[in-house]
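A.B. asks: No letters, just coordinates:
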């Protein structure tokens, strides 16, 4: 919900969750046009999102980490 409110293409957001002994890892993918907005100037947006996520996890006694996955930069094949 937090990421969806700042990007232009919220329908393209994909979040994968995986758990291990260190905590929960949320892998976040957005439309490549939204990467700049998600990261923000000097990484301010993504840093704030990571901080909020960690604080919510901390309140629930869990460790939560966010990883932003780069969108495919491969050009589409033309047939």
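C.D. replies: Structure received. Keep in mind that what you see is a predicted model, and the values were worked out from it rather than measured.
A.B. asks: roughly how far apart are residue 24 and residue 60?
C.D. replies: Using C-beta to C-beta, to the nearest Å, residue 24 is found at 10 Å from residue 60. To be clear about C-beta, it is placed using only N, CA and C from the backbone, and glycine gets the same treatment.
A.B. asks: Residues touching the lengthiest helix in the chain, excluding its own?
C.D. replies: Counting residues, the longest helix found in the chain (DSSP state H) is helix 44-59. Here helix 44-59 makes contact (C-beta atoms under 8 Å, 6 or more residues apart in numbering) with 2-3, 6, 23-24, 26, 37-40, 63-66, 68.
A.B. asks: go on, stretch 11-19?
C.D. replies: Residues outside stretch 11-19 that contact it (C-beta under 8 Å, 6+ apart): 3, 4, 7, 24, 25, 26, 27, 28, 29, 30, 31, 34.
A.B. asks: Now the buried members of those.
C.D. replies: Those of the contacts of stretch 11-19 that meet the buried threshold are 3, 7, 26, 28, 29, 30, 31, 34, by 16 or more other C-beta atoms under 10 Å.
A.B. asks: Quick check: the farthest pair among those?
C.D. replies: Farthest-apart pair in the buried ones among the contacts of stretch 11-19 is 26 and 31; separation 17.5 Å (C-beta to C-beta).
A.B. asks: and the residue nearest the centre of the chain, helix, strand or coil?
C.D. replies: Nearest to the geometric centre of the chain sits residue 28, at 3.4 Å (C-alpha atoms, centre = their mean). Here residue 28 is strand, with the state taken from DSSP: H, G, I helix; E, B strand; the rest coil.
A.B. asks: can I assume it is in contact with residue 64?
C.D. replies: No: assessed by C-beta atoms under 8 Å, residue 28 is found out of contact with residue 64, at 11.9 Å.
A.B. asks: Which parts of this structure are strands?
C.D. replies: Using DSSP state E, the strands of the chain run over 14-20, 23-29, 64-68.
A.B. asks: I'm done for today, thanks for sticking with me.
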